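> need a 3D model of the following:
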Amino acid sequence: MNSPWKGKAKATNQAYDDLRPTITYRHLLSNNLGVRDPLRVVALCDSDAFYAACERVRLGLDPSVPIVVQQWESLIAISYPARKFGISRMDKIKDAKKKCPDLLAVHVATYKEGEKEPGYWDDVDTRTHKVSLDLYRRESNKIISMFKESLPTGEIEKASIDEAFIDFTRPVREKLLERYPYLAQVPADAPDGTDSPLPPPPPINWDGLGSVVPVSPSEETDGTSELSDEVDDNTTWHDVALSIAAELMKKIREDIHSKLGYTTSAGIARNKFIAKLSASYKKPNSQTILRNDAIPNYLRPLAFQKIRFLGGKLGDALAKEYDVSTVGDLLTVSLEEIQSKFGENALWVYEILRGIDHNEVKEKSALFKSMLASKNLPTPITQSSDGHQWIRVLAAELALRLNDARESMPTLWPKAIVLHARKGYETSRSKQATFPFVRNVTVDVIATAADKLWKELTGDAKTINVTSVQLAFTGLEKAEMGQKSIEGFFKTRDIQQSPSLKRPREEYELPASVEDTSLAPPKSSNVEAVSFQCSRCHKVISLREEQVTDASEVAQRLATLRLEHDDFHFARDLAHSNESPLVPVPRSSSSRGVRRKVEPKGIAKFFTKK
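Modelled structure (predicted):
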């Protein structure tokens, strides 16, 4: 029976009953405990005022120079020296310069027609230019690469262009056993064998490791000196793990600063949620350690609606239902009560208020499924001929991004190119086509393919009213390691046996990444090689023999075949779309195979798209 909520009461530390688990030899010596590992340590590293820092480094400026990055008339990044003058993102550039006469304002790089790469122009105009974030993407990737090089056994998850989660659990365990080798063997007299608790941990010197959040609000510490004896008496092995992670994190942050010129801030705690919260404890250029014992007093005074996913409609509903505003207020609501009002999935709300988060730190694939360049037009395109200038601008961005990606993944290639155009707030119209294989990905190649789609979209219309244009690559894939590309099956001997096929390599439109110096179409015995295996249904899809007649058409035909097969899966996905959940109705003589919509229940209804 659900227990009724009896109104506000004073929250106690009993609400946080998992902060001091007994850590055993089994915990320490296991490598597969995942998110429930009591020695788990996660950090969030956040680059300080990243866009502004990128421009400062690019220009070779002193860190003390107040600098802002603007996009048209708005500010998108403000350095910390500029923030001291009270400048915020709400300010217009003219107002910001009034607050700080020495302010350096740098407009974000932009693409413009006729240029292959974005640049910093004096005549920036939203009517003729398109914003580029390529510099920031490249610098962000450099930082991620340094994390991976420094922590080969850690898990790195890029959370955004200026943030990354790092799971230190494995590298910390390695360092823990190296530093305290007596822990690697279970003592012969251990009462419960591997399930026996570890011996008491050594004291920790937190000097220089960062800002240690005080356990009680009255405590004062900034991490520059050793904590009080009272706190050290309560040291746990998880605290030791945190201190080791703090050492590793500090070293990485120093390397990023010395090699790339960027300062960062980090939060180090037991899971992603707590690490994210603590990263903003003291900024910039700092790191914060949030020990388990400090979690209750750190969370209780927080406005719960500022927690990710607890704002919006769900937060409003919780605040109204229980007349609460802080995490501490909600702690007095029992799990049975909150689930009775908001469904079984409200367990997530109950746990997050107590600092429990089971989300993994998981590296996201570096392979993008698509690349998109878009422009919302301040002045609509009214003549079909005027659209080509914007297509070239979007093509320049796609060319740069694809070529950048192919530096680390040479076999990367898009299956299709898609053009979207929208009129006002109407649903956009789109056209797509197979993107041909070419030696060099240039603006001209992309623009030529997109121009054809533009002509198909606009047709013979004399006047149009397009307010938004988007150009995208879809179906980006790369060949697996050790897998031959199509050209790998074209042997020199085939050309020698067929003199009529002796044509210069330049005539073939095939991937530039292949090193063969001579090409010829496969013979009948090699037809099965001109194929691909679908990563979803695992079927091998091959060109028919009569389709393999000319080497210059092989890649095009295979790409078309891929696109058609993907369309098959897309159609099936659409039929089973989750956006409007459909469930089968029990069959009867009156309604065979009829489906009906099911309204989401519990907290799910607060996240449903309109």
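
> Provide the secondary structure category for residue 472.
Recorded secondary structure, residue 472: strand (DSSP: H, G, I helix; E, B strand; the rest coil).

> burial count for it?
Look at residue 472: counted by other CB atoms under 10 Å, it has 20 neighbours. Just so you know, the C-beta spots here come from the backbone N, C-alpha and C atoms, and that holds for glycine as well.

> list the contacts of it.
Residue 472 is in contact with 370, 371, 372, 373, 398, 417, 418, 419, 420, counting by CB atoms under 8 Å, 6 or more residues apart in numbering.

> so what sits opposite it in the bridge?
Beta-bridge partners recorded for residue 472 (DSSP bridges): residue 372, residue 418.

> and it, how far from residue 118?
As defined by CB to CB, to the nearest Å, residue 472 lies at a distance of 18 Å from residue 118.

> ok, and the closest non-adjacent residue to the residue nearest the centre of the chain?
Nearest to the mean C-alpha position of the chain, counting by CA atoms, centre = their mean, stands residue 159 at 4.3 Å. Leaving aside its chain neighbours, residue 159 sits nearest to residue 165 (5.6 Å; criterion: CB to CB, 6 or more residues apart in numbering).

> bridge partners for the one you found, pull those for me.
residue 44, residue 157.

> quick one: contacts of stretch 307-324?
5, 8, 276, 304-305, 325, 327, 329-330, 333, 341-342, 349, 352, 603, 606-607.

> 6 Å instead, please
Stretch 307-324 has contacts (CB atoms under 6 Å, 6 or more residues apart in numbering) with 304, 305, 330, 333, 603, 606.

> before we move on, what about stretch 16-35?
In contact with stretch 16-35 (CB under 6 Å, 6+ apart) are residues 38, 183, 186, 194-195, 197-198, 237, 292, 296, 354, 358, 360.

> now those residues: which count as buried?
38, 183, 186, 198, 237, 292, 296, 354 (16 or more other CB atoms under 10 Å).

> helix, strand or coil for the second one?
Classification of residue 183 by three-state DSSP places it in helix.

> re earlier: of all pairs in the buried ones among the contacts of stretch 16-35, which one is the farthest apart?
186 and 296 (32.9 Å; CB to CB).

> and residue 199, how close does it get to residue 138?
48 Å.

> confidence-wise, which of the contacts of residue 472 comes last?
Within those, pLDDT reaches its minimum at residue 370, with 87.

> how does the chain divide into domains?
Following automatic domain parsing, the chain resolves into domains at 50-133, 370-474, 486-575.

> hey, least reliable of these by pLDDT?
domain 486-575 (a mean of 49).

> next one: stretch 252-259 to chain centre, how far?
22 Å (CA atoms, centre = their mean, to the nearest Å).

> pLDDT of the helix or strand that contains residue 138, averaged?
Per DSSP states H and E: residue 138 is located in helix 134-150. The average of the pLDDT scores along helix 134-150 is 95.

> distance from the chain centre to that helix, please.
The answer for helix 134-150 is 13 Å, by CA atoms, centre = their mean.

> equivalent analysis for stretch 385-394, please.
30 Å.

> so which bits of it are buried?
In stretch 385-394, counting by 16+ other CB under 10 Å, buried: 387, 388, 390, 391, 392, 393, 394.

> need the residues that contact the helix or strand hosting the residue nearest to the centre of the chain.
Using DSSP H and E, residue 159 maps to strand 155-160. Residues outside strand 155-160 that contact it (CB under 6 Å, 6+ apart) are 144, 147, 148, 164, 165, 166, 167, 361, 362, 363.

> out of those, which are buried?
144, 147, 164, 165, 166, 167, 361, 363.

> and the two most separated of those?
144 and 167 (14.2 Å).

> got CSV for the contacts of stretch 307-324, with distance to residue 128 and pLDDT too?
As requested, the contacts of stretch 307-324 are exported to CSV (distance: CB to CB, whole Å; pLDDT from 0 to 100):
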residue, distance to residue 128, pLDDT
304, 46, 93
305, 42, 92
330, 52, 94
333, 56, 92
603, 46, 73
606, 42, 73
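
> now the residues you listed in JSON lines, with neighbour count?
What follows is the contacts of stretch 307-324, written out as JSON lines (neighbours: other CB atoms under 10 Å):
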{"residue": "304", "neighbour count": "22"}
{"residue": "305", "neighbour count": "17"}
{"residue": "330", "neighbour count": "23"}
{"residue": "333", "neighbour count": "23"}
{"residue": "603", "neighbour count": "23"}
{"residue": "606", "neighbour count": "16"}
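
> show me the contacts for residue 42.
So residue 42 contacts 167, 271, 272, 275, 361 (CB under 6 Å, 6+ apart).

> next one: residue 251
Applying CB under 6 Å, 6+ apart, no residues qualify as near residue 251.

> how near is it to residue 33?
26 Å.

> before we move on, what about residue 154?
16 Å.

> and those two? Which one has more around it.
Between residue 154 and residue 33, counted using other CB under 10 Å, the more crowded position is residue 154 (23 against 13).

> check what pLDDT the residue lying closest to that one once chain neighbours are set aside gets.
Spatial nearest neighbour of residue 154, chain neighbours left out: residue 171 (5.1 Å); criterion: CB to CB, 6+ apart. At residue 171, the pLDDT value in this model is 96.

> assign residue 171 to helix, strand or coil.
helix.

> report the contact partners of it.
151, 153, 154.

> change it to 10 Å
Residue 171 sits next to 41, 150, 151, 152, 153, 154, 155, 244, 245, 248 when contact means CB atoms under 10 Å, 6 or more residues apart in numbering.

> please point out which parts of stretch 350-370 sit buried.
Applying 16+ other CB under 10 Å to stretch 350-370 flags 350, 352, 353, 354, 355, 356, 357, 361, 363, 368 as buried.

> for the contacts of stretch 307-324, which one is nearest residue 460?
residue 606 (47.5 Å).

> ok, the closest one to residue 334 distance?
Where residue 334 is concerned, residue 606 sits at a distance of 20 Å (CB to CB).

> so what would you say the end-to-end distance of stretch 378-396 is?
End-to-end distance of stretch 378-396 (CA to CA, to the nearest Å): 20 Å.

> starting at the chain centroid, how far to it?
30 Å.

> cool, and stretch 266-286?
18 Å.

> endpoints of it, how far apart?
Rule used - CA to CA; the end-to-end distance of stretch 266-286 is 7 Å.

> tell me the buried residues in that stretch?
Quick answer for stretch 266-286 (16+ other CB under 10 Å): 266-279, 281-284, 286.

> from those residues, which land in helices?
Using DSSP state H, the subset of the buried residues of stretch 266-286 located in helices is 272, 273, 274, 275, 276, 277, 278.

> the last one against residue 298, yeah?
Same thing as residue 278. Yes - contact criterion CB atoms under 10 Å: residue 278 and residue 298 qualify, at 7.6 Å.

> got any residues that touch both of those two?
213, 269, 290.

> can you read off the pLDDT for the first one?
Per-residue confidence for residue 213 comes out at a pLDDT of 95.

> now do it against residue 430, distance only.
Taking CB to CB, one finds residue 213 at 50 Å from residue 430.

> need the strands for the stretch 101-250 of the chain, in chain order.
104-107, 110-112, 129-131, 155-160, 163-167, 211-212 (DSSP state E, counting those that start in this stretch).
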